[in-house]
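**Q** Mind folding the following:
(chains A and B)
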Amino acid sequence: MQQQPNKLKPFFENLNFERDDNTMVINFGPQHPSAHGQLRLILELQGEQVVKALPDIGYLHRGIEKMAENMIYNEFLPTTDRMDYIASTSNNYAFALAVERLIGLEVPRRAQVIRTMLLELNRIISHLFFLATHALDVGAMSIFLYAFREREFAMDLMEDYCGARLTHSAVRIGGVPLDLPEGWLTQLTDFIERLPDQIKLYEDLLTENRIWKMRLEDVGIITPEQALSWGCTGIMLRGSGIEYDIRKEEPYELYGELDFDIPVSDRCDSYGRYRLYMEEMKESIKILRQLIGMYPKTESQLMAHAPQYISAPKEEIMTQNYALMQHFVLVTQGMRPPKGTVYAPTESPKGELGFWIRSEGEPYAYRLKARAPSFFHTGILQDILPGTYLADVVTIIGSTNIVFGEVDR
Amino acid sequence: MRKYSPKDNVQAKAKYTDRFWVAPQVPREPVEDAHFAAVLEKMKAAVEVLDAYVEIGQLVIHIRPEQNVDALRTLKEECDYAMCSELSAVDYLARDGEFEIFYQLLNLKERKRTRILTRIKEDQAIESIVPLYDMAKFAEREMYDMFGIYVNNHPYLKRIIMPDDWEGHPLRKTYPLEGDEFASWYEVDKIFGKEYRDIIGPENRDPARIDRYDTQRFARVGHEVPFGADPSLVDETETPVEYSSELLADYNKGPHKVLDKRK
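**A** Next comes the predicted model:
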């Protein structure tokens, strides 16, 4: 079949038959519902088997790193929401942490408690989303509905706190903008009391399910060497038997004081990673329980006191001239962190999310590099897909849990 | 006389600078930590170390660009830095005529991070670290795409985020935030062809543009009207809000004609 591309349709149809050998080249995406966004995979197939895979990314590129060079630090914070939009607080937090380390800021304890709560709540939201979409990709429709129902309750909690469901911007450089609303902790307690039963429901439906096991076991094998070499982090690394969780190994915020375990699986396959996601949700519940107990013991201060960098609380701005002047300068000109470089790694639900910031003492970052875990988890597809079957490609993409806001930035 | 604006760095500048203000520097501590000292010792034996210090808890080592693979091999094989978290570049062309390339490495056993910094000239290439770390297959492609830094012996050095036929490298300081001239014609040329340039006009890439008469995108201010309605038929005399004419530029008033329909 001769294809006739014109200017509006410059690309070939999905199938390219014009090859002499038996391999068939297909475009998987960028509009494929299982491509988790805008992933275009160019697959060479020998029958049902993939012989070559080429991830093609960039369909969601918005130049976030370029924007960071043209925005003051506080202005850039809401932009980070648009990276991993499934768990945006973890992006806000990673950026805020990097700037705080650059200017050497101590965050008040109540803000730390709230931040850690939000981070763990986001982890649950993200893992539920993973479970829902992964199961849907593999063919388990009902899990999608159950997991999204629980995710709605978690998103309601986020909405009660910051007013947004997806793009939270719930963390500020130097603390958090708001205290927890009244009754929020009770609602959170209700949620985490209910969640273990739901997780048990998902596990009952999936863990020993014959079809689920057939689709996931020994699919998408990532050896520990590959995982390290490709810079895989988070569950992609722990699913290959390497125990490294930044929350535990390089503790930030309150993780050093909290008691939780790091589940590890040495199965190296999609099934092992699925089990880790379930276990991590249980650990998050454990962390949230401890944090709820910590909250009442804290002072009411929410933002760090650093007049050079952080605006004073609203009451002071409204009553004291000097605080108002500082606030005016910080809003119109922006803070000027000292010259230097910082790289602050955090454990986002997807893996190691870190912001590399080079400051030249200006209100604009001279260079900001967002180290997004999904970028490398997309890259590894080109090495793990060859040799697998076409039907498993969807499972493997789902099990890497990539989000394209983060890959393309 | 018209105002002179430098072209070598077109990024946002501070609107106000105090002439007596000197930016402080993040403290650079000497290498005292036992692990970092051992790493530095091994690095000094393997490559020429130009500078080394600890900055915010991470060891920073400056090396020569020709020795980047040797340095990273020493770190990986002798110092147990099994993972390269990130690599990319910083554009210092305007100030020094150089790029700074950084490699951010992680030792999982000691839980320590080390950063290797090296500087290359604009027309200089750097050797690929793909034999050591697979992540460079993607990261070096991104560096090439964003800065135009050639990486020698990379297995597949091709643009990764921008389209293959793109011109220019977006993260260079000479590249404006809204994109350059090439960017404003890219989609017109691609979809309609160069011969339609006069008819369609360049793409307005200002993200904050508001076109008062555009009823097809979400840029409309004023009355809500049906999608694609003819704005001249909409009676807007009652609108109590006055909009500044500066904000609401009429982009249709240009010299170009407007197509009836996208062909």
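
**Q** got a list of what the residue most central in space within chain B touches?
**A** The residue lying closest to the centre of chain B (Cα atoms, centre = their mean) is B:Leu171, at 2.5 Å. Neighbour list for B:Leu171: A:Glu65, A:Lys66, B:Asp91, B:Met146, B:Phe147 [criterion: Cβ atoms under 8 Å, 6 or more residues apart in numbering or on different chains]. No exception for glycine: its C-beta is placed from N, CA and C like everyone else's.

**Q** Using TSV, please lay out the residues you listed together with neighbour count, distance to A:Pro33 and pLDDT.
**A** As requested, the contacts of B:Leu171 are exported to TSV (neighbours: other Cβ atoms under 10 Å in any protein chain shown; distance: Cβ to Cβ, whole Å; pLDDT from 0 to 100):
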residue	neighbour count	distance to A:Pro33	pLDDT
A:Glu65	20	29	93
A:Lys66	21	30	92
B:Asp91	26	39	93
B:Met146	24	30	93
B:Phe147	21	35	93
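
**Q** for those residues, which one is nearest A:Arg165?
**A** Of all the contacts of B:Leu171, A:Glu65 has the smallest distance to A:Arg165: 25.9 Å, by Cβ to Cβ.

**Q** doesn't the residue nearest to the centre of chain B fall inside a strand?
**A** No: in this structure, B:Leu171 is coil, not part of a strand, as judged by DSSP: H, G, I helix; E, B strand; the rest coil.

**Q** gap between stretch B:123-136 and the chain center?
**A** 19 Å (Cα atoms, centre = their mean, to the nearest Å).

**Q** So which bits of that stretch are buried?
**A** For stretch B:123-136, the neighbour count (16 or more other Cβ atoms under 10 Å in any protein chain shown) marks B:Ala125, B:Ile126, B:Glu127, B:Ser128, B:Ile129, B:Val130, B:Leu132, B:Tyr133, B:Asp134, B:Met135, B:Ala136 as buried.

**Q** cool, and stretch B:20-29?
**A** B:Val26.

**Q** Just the C-alpha atoms of that stretch, please, in CSV.
**A** What follows is stretch B:20-29, C-alpha atoms only, in CSV (Å, rounded to 0.1, in the frame of the first residue of the first chain):
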residue,chain,number,x,y,z
PHE,B,20,26.7,48.6,47.0
TRP,B,21,25.2,45.2,47.4
VAL,B,22,27.6,42.3,47.1
ALA,B,23,26.0,38.9,46.8
PRO,B,24,27.1,36.5,49.5
GLN,B,25,28.5,33.1,48.7
VAL,B,26,27.4,29.8,50.0
PRO,B,27,30.2,28.6,52.3
ARG,B,28,32.7,26.3,50.6
GLU,B,29,34.1,24.1,53.3
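
**Q** Might you enumerate the residues of the stretch 201-350 of chain A proximal to chain B?
**A** A:226, A:228-231, A:233, A:242, A:244, A:249-250, A:332-334, A:336, A:338-343, A:345 (Cβ under 8 Å from any Cβ of the partner chain).

**Q** The residues you listed in helices, which ones?
**A** The helices, defined by DSSP state H, take in A:Gln226, A:Leu228, A:Ser229, A:Glu249, A:Thr332 from these.

**Q** thinking again about what came up before, any idea how far B:Ala71 is from the residue nearest to the centre of chain B?
**A** 24 Å (Cβ to Cβ, to the nearest Å).

**Q** Just give the number of residues close to A:Glu299.
**A** 8 (other Cβ atoms under 10 Å in any protein chain shown).

**Q** Then B:Gln67?
**A** Neighbours of B:Gln67 under the rule other Cβ under 10 Å: 19.

**Q** Just the pLDDT at the nearest residue to it once chain neighbours are set aside, thanks.
**A** Leaving out its chain neighbours, the residue that sits closest to B:Gln67 by Cβ to Cβ, 6 or more residues apart in numbering or on different chains is B:Val47, at 4.2 Å. pLDDT recorded at B:Val47 is 91.

**Q** for B:Arg159, same thing?
**A** Per-residue pLDDT puts B:Arg159 at 89.

**Q** who's in contact with it?
**A** A:Gly58, B:Arg141, B:Tyr144, B:Asp145, B:Trp166.

**Q** What of A:Gly387?
**A** A:Gln49, A:Val50, A:Val51.

**Q** Report the secondary structure state of B:Val60.
**A** With three-state DSSP as the criterion, B:Val60 was assigned strand.

**Q** what bridges to the nearest residue to it once chain neighbours are set aside?
**A** Residue nearest to B:Val60 in three dimensions, not counting chain neighbours: B:Arg115, with 4.8 Å by Cβ to Cβ, 6+ apart. Taking DSSP bridges as the rule, B:Arg115 bridges to B:Val60, B:Gln104.

**Q** Can you give me every residue that contacts B:Arg115?
**A** Counting by Cβ under 8 Å, 6+ apart, B:Arg115 has contacts A:Thr341, A:Tyr343, B:Glu55, B:Gln58, B:Leu59, B:Val60, B:Ile61, B:Phe102, B:Tyr103, B:Gln104, B:Leu105.

**Q** swap the cut-off to 10 Å and go again
**A** A:341, A:343, A:356, B:55, B:58-62, B:85-86, B:102-105 (Cβ atoms under 10 Å, 6 or more residues apart in numbering or on different chains).

**Q** Now for those residues: which two are most distant?
**A** Longest distance between any two of the contacts of B:Arg115 is 18.6 Å, between B:His62 and B:Ser85; criterion Cβ to Cβ.

**Q** between the two, who's got more neighbours?
**A** B:Ser85 (24 against 16).

**Q** Wait, a strand at the more buried one?
**A** Yes: looking at B:Ser85 with three-state DSSP, it is inside a strand.

**Q** Double-check it against A:Thr233; I have them as touching.
**A** Yes: contact criterion Cβ atoms under 10 Å: B:Ser85 and A:Thr233 qualify, at 7.9 Å.

**Q** so what's in contact with these two at the same time?
**A** In contact with both B:Ser85 and A:Thr233: A:Pro345, A:Glu352, A:Gly354, A:Arg371, A:Pro373, A:Phe376, B:Leu106, using Cβ under 10 Å, 6+ apart.

**Q** Can you tell me the closest non-neighbouring residue to B:Asp96?
**A** Leaving out its chain neighbours, the residue that sits closest to B:Asp96 by Cβ to Cβ, 6+ apart is B:Arg119, at 7.6 Å.

**Q** wait, isn't B:Pro6 in contact with B:Arg95?
**A** No: the criterion here is Cβ under 10 Å, and B:Pro6 misses it with B:Arg95 at 11.3 Å.

**Q** Against chain B, how distant is A:Val113?
**A** In this view, A:Val113 and chain B are 24 Å apart by Cβ to the nearest Cβ, to the nearest Å.

**Q** so how far is A:Gly272 from that residue?
**A** Note on A:Val113: its distance to A:Gly272, by Cβ to Cβ, is 33 Å.

**Q** With B:Glu32 instead?
**A** 41 Å.

**Q** higher neighbour count, these two?
**A** Of the pair B:Glu32 and A:Gly272, A:Gly272 is the one with more neighbours under other Cβ under 10 Å, namely 25 against 8.

**Q** By mean pLDDT, point me to the weakest helix or strand of chain B.
**A** helix B:197-200 (a mean of 82; mean pLDDT, DSSP states H and E).

**Q** Off-centre distance for that helix?
**A** Worked out by Cα atoms, centre = their mean, helix B:197-200 lies 30 Å from the chain centre.

**Q** quick one: is it near chain A?
**A** No: using Cβ under 10 Å from any Cβ of the partner chain, helix B:197-200 never reaches chain A; the gap is at least 13.0 Å.

**Q** list the helices and strands that helix packs on?
**A** helix B:181-191 (3 or more Cβ pairs under 10 Å, 6 or more residues apart in numbering or on different chains; DSSP states H and E).

**Q** how many neighbours does residue 174 have?
**A** You didn't pick a chain, so chain A it is. Other residues close to A:Gly174 by other Cβ under 10 Å number 25.

**Q** look at chain B instead
**A** By other Cβ under 10 Å, neighbour count at B:Thr174 equals 16.
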